[in-house]
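In: Sequence below, structure please.
(chains A and B)
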Amino acid sequence: MSSNLATWVSPKLSDFDSLPSRSFLSGLRLPFVARSRRRFLGGAGVVHCNLREIRDRIDSVKKTQKITEAMKLIAAAKVRRAQEAVVSGRPFSETLVEVLFNINEQLQDEDIDVPLTAVRPVRKIAIVVVTGDRGLCGNFNTAVIKRAESRIADIKSLGLEYVVVSVGKKGSAYFQRRPYIPVERFIEVGSLPTTKDSQAIADVVFSLFVSKEVDKVELLYTKFVSLVKSDPVIQTLLPLSPKGEVCDINGVCVDAAEDEFFRLTTKEGKLTVVRETIRIPTPAFSPILQFEQDPLQILDGLLPLYLNSQILRSLQESLASELAARMTAMSSATDNANELRKTLTIIYNRERQAKITGEIVEIVSGTEALG
Amino acid sequence: MTLNLCVLIPNRIIWDSEVKEIILSTTSGQIGVLPNHAPIATVVDIGILRIRLNDQWFTVVLIGGFARISNNEIIILGNDAEMSTDIDPKEAQQTFEIAEANLSRAEDEKQAIEFNLALKRARTRVEAVNEISY
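Out: Model prediction:
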């Protein structure tokens, strides 16, 4: 079957080699590569090929363009939904931050030791890598994976061990092909991240950390900056800091500068604009708040909530970034297809004209010879 | 005095209105909250939250969280929560059985922690569903 296919395909392919269509293929597969098309525009005059083949090619470009156009529109609609998800999660995170701030204030003087905040000398680090489920979104997934690779190299050079928790199909496929990278778990997230998804990740991370298998958990996700810009960032997930400061492990805590963890006021703004910072007003609050349980237990109950909401937020941002990246990629693919169609049509018309001219010349010279 | 209840989970608001009374499962046992309750902060266990609105009781499954009561304002922050009326009894029972089976297969401490949590969640959902059928 395969050899059959090859023989059927190969003459066509070699035909197409002479055609400008080579650059068309690369132009569509990698929507950002528009360079190759330039060459073909310049050399368009010398191309010689079958009229029908050009017509087929134009048809196929048209069809592909329809698909990319549709994908772009779908991504745009989904970005809006992702935005709504972030907005609807806001009452919770705002209240949580306010309550946490309050409790923290009251607990400031107490010496508390909660498992989730335990700062241990780091021997092993868990990295949660959040990727998307699908491709065709520019360099979104590659950027995350590259960042993960460089982070892993960093950790190795520090002489530490690491383990990966892979979230999303693309990342999982990547790590599955590289068995030398230790992966704790492959997790898949649905099309719209929910608390169940973040809970599943939090459970894994929690048990890894509490069972002292790892001493630090880092989260690598894509931060949504704007519709055209998103950055893979690393933030420390565990140990949590009960007092609201960035973790300090004797020189081992790298990337502390990038940590925006526990900055109690950061909330992303409308997805289309740069993040806005909301200072949550701390209402005049009766200071005689009694603790039903130990302060320790209170934090024990509150911090996992914070962990969850952090993970959920990163999932949501990651999704928004993915969709935005897809939108951009598909819109440039559509543009490319459009341009390509135009050029192909010009070539087609020129060929057709040349053919007609040739025929007329033949007829004329024929009659002249007769006469 | 009226009592305001606000139940929030990460992706939405479960309840936000005036109530007459609630019964909350904290990690140190159940507490009932009536208007003019003393201001407290408490950890909420995986358990059932009962809410009385006029003369009708509602049941909510709370998957752990935190509650703060002050000035007749109750704020409950949950990991997850579900109105018991939204739970499918069959599905809940099934999840419970799977969780039980999983726990007996746990190999190490890490898995045991995970499966225990899952079991507790599943059990609470089943309990909440059974409660309405009275």
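
In: and the helix or strand that A:Arg80 is a member of, what's its mean pLDDT?
Out: Per DSSP states H and E: A:Arg80 is located in helix A:51-88. The pLDDT scores in helix A:51-88 average 90.

In: likewise stretch A:202-221?
Out: 90.

In: so what's the closest residue in space to B:Trp57 that isn't next to it in sequence scoring on pLDDT?
Out: Using Cβ to Cβ, 6 or more residues apart in numbering or on different chains and skipping the chain neighbours, the partner closest in space to B:Trp57 is B:Arg50 (5.7 Å). Just so you know, the C-beta spots here come from the backbone N, C-alpha and C atoms, and that holds for glycine as well. On pLDDT, B:Arg50 comes in at 91.

In: ok, B:Arg50 - how many residues close by?
Out: B:Arg50 has 18 neighbours, counted by other Cβ atoms under 10 Å in any protein chain shown.

In: quick one: it and B:Ile22 touch, right?
Out: Yes: contact status for B:Arg50 versus B:Ile22: in contact at 6.5 Å, counting by Cβ atoms under 8 Å.

In: any common contacting residues for these two?
Out: Taking Cβ atoms under 8 Å, 6 or more residues apart in numbering or on different chains as the contact rule, B:Arg50 and B:Ile22 have no neighbour in common.

In: what does the lowest-mean-pLDDT helix or strand in chain B contact?
Out: Lowest by mean pLDDT, DSSP states H and E among the helices and strands of chain B is helix B:109-132, with a mean of 83. With Cβ under 8 Å, 6+ apart as the test, helix B:109-132 has contacts from A:203-204, A:206-208, A:210-211, A:213, B:46-48, B:59-63, B:82, B:84-85, B:87, B:89, B:92-93, B:95-96, B:98-100, B:102-103, B:106.

In: Sitting in strands, which of those residues do you find?
Out: B:Ile46, B:Gly47, B:Ile48, B:Thr59, B:Val60, B:Val61, B:Leu62, B:Ile63, B:Glu82 (DSSP state E).

In: re earlier: list the beta-bridge partners for the residue nearest to B:Trp57.
Out: Listed beta-bridge partners, B:Arg50: B:Ile23, B:Thr59 (assigned using DSSP bridges).

In: Just list the residues touching it, thanks.
Out: Contacts of B:Arg50 (Cβ under 8 Å, 6+ apart): B:Ile22, B:Ile23, B:Trp57, B:Phe58, B:Thr59, B:Val60.

In: Repeat that for A:Leu307.
Out: Contacts for A:Leu307 (Cβ under 8 Å, 6+ apart) come out as A:Leu116, A:Ala202, A:Val205, A:Phe206, A:Leu237, A:Leu238, A:Leu240.

In: Return the closest of those with respect to A:Ala70.
Out: Nearest to A:Ala70, judged by Cβ to Cβ, of the contacts of A:Leu307 is A:Ala202 at 35.8 Å.

In: From A:Leu303, how far out is that closest one?
Out: Using Cβ to Cβ, to the nearest Å, one obtains 11 Å as the distance from A:Ala202 to A:Leu303.

In: Equivalent analysis for A:Gly371, please.
Out: When Cβ to Cβ is applied, the distance between A:Gly371 and A:Leu303 equals 101 Å.

In: Show me which of those two is the more surrounded one.
Out: Using other Cβ under 10 Å as the criterion, A:Gly371 and A:Leu303 rank with A:Leu303 on top: 21 against 5.

In: which ones are touching the residue nearest in space to the middle of chain B?
Out: The structure's chain B has its C-alpha centroid closest to B:Leu62; by Cα atoms, centre = their mean the separation is 2.1 Å. Neighbouring residues of B:Leu62 by Cβ under 8 Å, 6+ apart: B:7, B:25, B:44-49, B:76, B:78, B:80-81, B:124.

In: how far does stretch A:106-126 stretch from start to finish?
Out: Taking Cα to Cα, to the nearest Å, stretch A:106-126 runs 32 Å from one end to the other.

In: Can you mark which positions in it are buried?
Out: Of the residues in stretch A:106-126, A:Leu107, A:Val114, A:Pro115, A:Leu116, A:Thr117, A:Val119, A:Val122, A:Lys124, A:Ile125, A:Ala126 count as buried by neighbour count, 16 or more other Cβ atoms under 10 Å in any protein chain shown.

In: The third one contacts A:Val210, doesn't it?
Out: Put plainly, it is A:Pro115. Yes: A:Pro115 is within contact range of A:Val210, at 5.3 Å (criterion: Cβ under 8 Å).

In: Quick check: phi and psi on B:Thr42?
Out: When read as degrees, to the nearest 10, the backbone of B:Thr42 gives phi -150, psi 150.

In: beta partners of it?
Out: B:Ala67.

In: Quick check: residues of chain B near chain A?
Out: With Cβ under 8 Å from any Cβ of the partner chain as the criterion, chain B comes near chain A at residues B:6, B:8-13, B:26-28, B:31, B:38-44, B:63-66, B:68, B:70-71, B:75, B:77-80, B:108-111, B:113-114, B:117.

In: I only care about the residues you listed that end up buried; give me the ChimeraX line for that.
Out: The ChimeraX selection below is limited to those of the residues of chain B next to chain A classed as buried (16+ other Cβ under 10 Å):
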select /B:6,8,9,10,11,26,27,31,39,40,41,42,43,44,63,64,65,66,68,70,75,77,78,79,80,110,113,114,117
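
In: Would you mind checking the contacts of B:Arg50 for buried ones?
Out: Neighbour-count burial (16+ other Cβ under 10 Å) applied to the contacts of B:Arg50 gives B:Ile22, B:Ile23, B:Phe58, B:Thr59, B:Val60.

In: show me what contacts A:Glu110?
Out: Taking Cβ under 8 Å, 6+ apart, one finds A:Pro295 in contact with A:Glu110.

In: Is it correct that it falls within a helix?
Out: No: A:Glu110 sits outside any helix when classified using DSSP: H, G, I helix; E, B strand; the rest coil, being coil.

In: how close does it sit to chain B?
Out: 14 Å (Cβ to the nearest Cβ, to the nearest Å).

In: what's the distance between that residue and B:Thr42?
Out: From A:Glu110 over to B:Thr42 (counting by Cβ to Cβ), the distance is 17 Å.

In: Equivalent analysis for B:Ile23, please.
Out: 13 Å.

In: shared neighbours of these two, anything?
Out: Common neighbours of B:Ile23 and B:Thr42 (Cβ under 8 Å, 6+ apart) are B:Ile31.

In: Following the record's annotation, map out the domains of chain B.
Out: Under the assignment automatic domain parsing, the domains of chain B span B:3-84, B:88-132.

In: The shortest one: how far from the chain's middle?
Out: Just to be clear, that refers to domain B:88-132. Relative to its chain's centre, domain B:88-132 lies at 15 Å (Cα atoms, centre = their mean, to the nearest Å).
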